[in-house]
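> fold the stuff below for me.
(chains A, B and C)
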Amino acid sequence: MPNKTPAIYWIRKDLRLADNRALLAASKDARPVIPVFIREDDSAGALGGAQAWWLERSLARLAEAYEKRGARLILRSGDPADVIFALIEETGAKSVFWNRRYTPDGIATDTALKRKLGDAGVQAESFAGHILHEPSKFRTKTGGPYKVYTPFWKALSAEARVPDPLDAPEELTTANAKPESETLSDWRLYPGKPDWAAGFEPLWTPGERGARERLDRFIDEFAENYAASRDRPDIEATSMLSPHLALGEISPALIWHGINRAKNLSAENRKKFLQELVWRDFCHHLLFHSPDLATKNWNDRFDGFEWVEDDEALAAWTRGKTGYPIVDAGLRQLWREGTMHNRVRMIAASFLVKDLMIDWRSGEEWFRDTLVDADPASNPANWQWVAGSGADASPFFRVFNPVLQGEKFDPDGDYVRRYVPELAALPAKHIHAPFDAPKAVLEEAGITLGETYPKPIVDHKAARKRALAAFEKIKG
DNA sequence: TTTTGAGTTGTTCGA
DNA sequence: GTCGAACAACTCAAA
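Reported below is the predicted structural model:
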């Protein structure tokens, strides 16, 4: 006899049907399932603007996918506990399932809810699936968390097997009760005016199917050059899977096994990509063990660092008007497309933190709001890494030179031309340092520095010296 | 407990 | 133009 008592499946950052343990548990033995997405009003569920755009589209597709399988996605707003208990009341559900999340706020919310549900005699069960391994799984021999990536990677690849991904349920059963749902248009996740997301549309296909297609395409076309080309922002060479991963449209386990099974990859390319995927786990490992990662210096020596408060410089950086083409191209790509090439993220971040000496938290905040792949673990962990305050931090003397980096990784200047059109007519030789170009060359390209394109807001050489001197003060 | 080798992503300087 | 060394010293993780 099929079980007629419905189960609630609480959807968070797992907007997929495949490899979804909570959904499978909820719908086991043809049990009617009530999938609910809750727009949380506290920080546990808050998303930046770009990711809210993504979420709207992803939820629309998820709703279609549920409908196709005979279930209905419910949208609700408010405190999760209130919403879930209301749904229990309305539907007679006796169990609630979800996939775990790893932010401190999220963990607190979920732990409290689990207790409350238990007290009320409702079964509550949570599952893994957002990262490859539970962040608590790995410990050093002395019992502490890993603070360096390479040993983490070694431990992970030596000891652990990533669980095989599970298929999506073929069919779902609808509950007899038909709980009310809010609508996506009510939520106004996508602010129409001004339409800052117009440039997102051609680039992205939010949703589970878009994620799978992206993975397949990466494996077919790009993965075999991954190690050699991944640092080139002018070349299509990366997986672009991060926004799909961030909202759980695809599971990292599915990617892991997909890459491992691919026949066309050299060992080097395979390893390189998997290492990047494991970085995501490492960031979650760090966040799990340092819940303040997004707000406090992981290395508290940096608490004494003399950051500069300069709203004008910060604004120039966010708008892509620093006068350093590779930095400006990056920030403008971010604004236009909701993403920035990884190499350029490092250059742009280094520029904010070292050249402008602006607190990494300002950069982290900007990225959080503008990146479609904003991730509560990766974003702060990587900002802290660049700043030097984080785990496995770069040596203090590693200050990216925006001109050299541009010349090295965007050798023809195509990336800059794409996002900084006012420099498009400059020859490659000068495109990364228009301020050093001969007058005639600038004239020929129709550029007047300070008018059509900004003069550098700082002198890199001097800025580098200043940053090194500031670092000198907090060491030892 | 002590020792040992190593640490994602770089730049500059001088030969 | 190319190449190797220097750039601090420290902390991490395992043996």
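> what about whatever residue of the stretch 151-300 of chain A ends up closest to DNA strand B, how many residues close to it?
Residue of the stretch 151-300 of chain A nearest DNA strand B, by C-beta to the nearest atom of the strand: A:Trp279 (3.9 Å). For glycine as for every other residue, the C-beta is placed from the backbone atoms N, C-alpha and C. Per other C-beta atoms under 10 Å, the neighbour tally for A:Trp279 reads 18.
> how about A:Val33, secondary structure?
strand (DSSP: H, G, I helix; E, B strand; the rest coil).
> rewinding a little: I'd say the residue of the stretch 151-300 of chain A closest to DNA strand B and A:Tyr149 touch.
Yes. Here A:Trp279 lies in contact with A:Tyr149, judged by C-beta atoms under 8 Å, at a distance of 6.9 Å.
> what does the pLDDT read for the closest residue to DNA strand C within the stretch 151-300 of chain A?
Per C-beta to the nearest atom of the strand, A:Pro151 is where the stretch 151-300 of chain A lies closest to DNA strand C, at 3.7 Å. For A:Pro151, the pLDDT comes out at 94.
> for it, which non-adjacent residue is spatially closest?
Closest residue in space to A:Pro151, ignoring its immediate chain neighbours: A:Thr140 at 7.2 Å, by C-beta to C-beta, 6 or more residues apart in numbering.
> now swap in A:Tyr9 and tell me
Nearest non-adjacent residue to A:Tyr9 (C-beta to C-beta, 6+ apart): A:Ala26, at 4.1 Å.
> residues in contact with the one you found?
Residues in contact with A:Ala26 (C-beta atoms under 8 Å, 6 or more residues apart in numbering) are A:7-9, A:33, A:35, A:95, A:97.
> which stretches of the stretch 251-400 of chain A form helices?
Under the criterion DSSP state H, counting those that start in this stretch, helices of the stretch 251-400 of chain A are mapped to A:252-261, A:267-289, A:311-319, A:325-337, A:342-350, A:360-370, A:378-387.
> any idea how far the spatially closest residue to A:Pro291 that is not a sequence neighbour lies from A:Ser290?
In space, and not counting its chain neighbours, A:Pro291 is closest to A:Pro104: 3.7 Å by C-beta to C-beta, 6+ apart. Computed with C-beta to C-beta, to the nearest Å, the distance linking A:Pro104 and A:Ser290 is 9 Å.
> try A:Ala177
To A:Ser290, A:Ala177 is 43 Å away according to C-beta to C-beta.
> swap in A:Ala391?
Separation of A:Ala391 from A:Ser290 (C-beta to C-beta): 8 Å.
> more neighbours: the two, which one.
Neighbours per residue, other C-beta under 10 Å: of A:Ala391 and A:Ser290, the larger number sits with A:Ala391, 22 against 19.
> the closest residue to that one other than its chain neighbours: neighbour count?
The shortest distance from A:Ala391 to any non-neighbouring residue, by C-beta to C-beta, 6+ apart, is to A:Lys147 (5.0 Å). Using other C-beta under 10 Å, A:Lys147 is surrounded by 19 other residues.
> same check on A:Asp310?
Number of residues near A:Asp310 (other C-beta under 10 Å) recorded here: 16.
> then A:Ile250?
Count around A:Ile250 with other C-beta under 10 Å applied: 25.
> tell me the SS of it?
Secondary structure for A:Ile250, judged by three-state DSSP, is coil.
> which residues touch it?
A:16, A:18, A:208, A:211-212, A:215, A:241, A:244 are the contacts of A:Ile250 under C-beta under 8 Å, 6+ apart.
> against A:Ala387, how distant is A:Ser394?
Distance from A:Ser394 to A:Ala387, by C-beta to C-beta: 9 Å.
> more neighbours: these two, which one.
Between A:Ser394 and A:Ala387, counted using other C-beta under 10 Å, the more crowded position is A:Ala387 (26 against 16).
> now do the contacts for that one.
Counted by C-beta under 8 Å, 6+ apart, A:Ala387 has contacts A:302, A:349, A:353, A:360, A:393.
> swap in 7 Å and give it another go.
With contacts defined as C-beta atoms under 7 Å, 6 or more residues apart in numbering, the neighbours of A:Ala387 are A:353, A:360.
> look up the pLDDT of it for me, please.
For A:Ala387, the pLDDT comes out at 94.
> neighbours of A:Lys272, just the number please.
A:Lys272: 16 neighbours (other C-beta under 10 Å).
> the nearest residue to it once chain neighbours are set aside: what secondary structure?
If the residues on either side of it in the chain are set aside, A:Lys272 comes closest to A:Ala227, at 4.3 Å by C-beta to C-beta, 6+ apart. Here A:Ala227 takes the helix state, with states given by three-state DSSP.
> what helix or strand does A:Lys408 sit in?
In this structure, A:Lys408 is located in helix A:402-409 according to DSSP states H and E.
> helices and strands around whichever helix or strand comes after that helix, which ones?
Going down the chain from helix A:402-409, the next helix or strand is helix A:414-419, by DSSP H and E. Judged by 3 or more C-beta pairs under 7 Å, 6 or more residues apart in numbering; DSSP states H and E, helix A:414-419 is in contact with helix A:325-337.
> packing partners for the helix it packs on?
Taking 3+ C-beta pairs under 7 Å, 6+ apart as the contact cut, helix A:325-337 packs with helix A:311-319, helix A:342-350, helix A:402-409, helix A:414-419.
> residues in contact with it?
Here helix A:325-337 makes contact (C-beta under 7 Å, 6+ apart) with A:199-200, A:203, A:317-322, A:339-340, A:344-345, A:347-348, A:351, A:370-371, A:402, A:405-406, A:410, A:415-416, A:419-420, A:423, A:431-432, A:434.
> closest point of the stretch 101-250 of chain A to DNA strand B, which residue?
A:Thr150 (3.2 Å).
> one more: the stretch 251-400 of chain A?
For the stretch 251-400 of chain A, C-beta to the nearest atom of the strand, closest residue to DNA strand B: A:Asp392, 3.2 Å.
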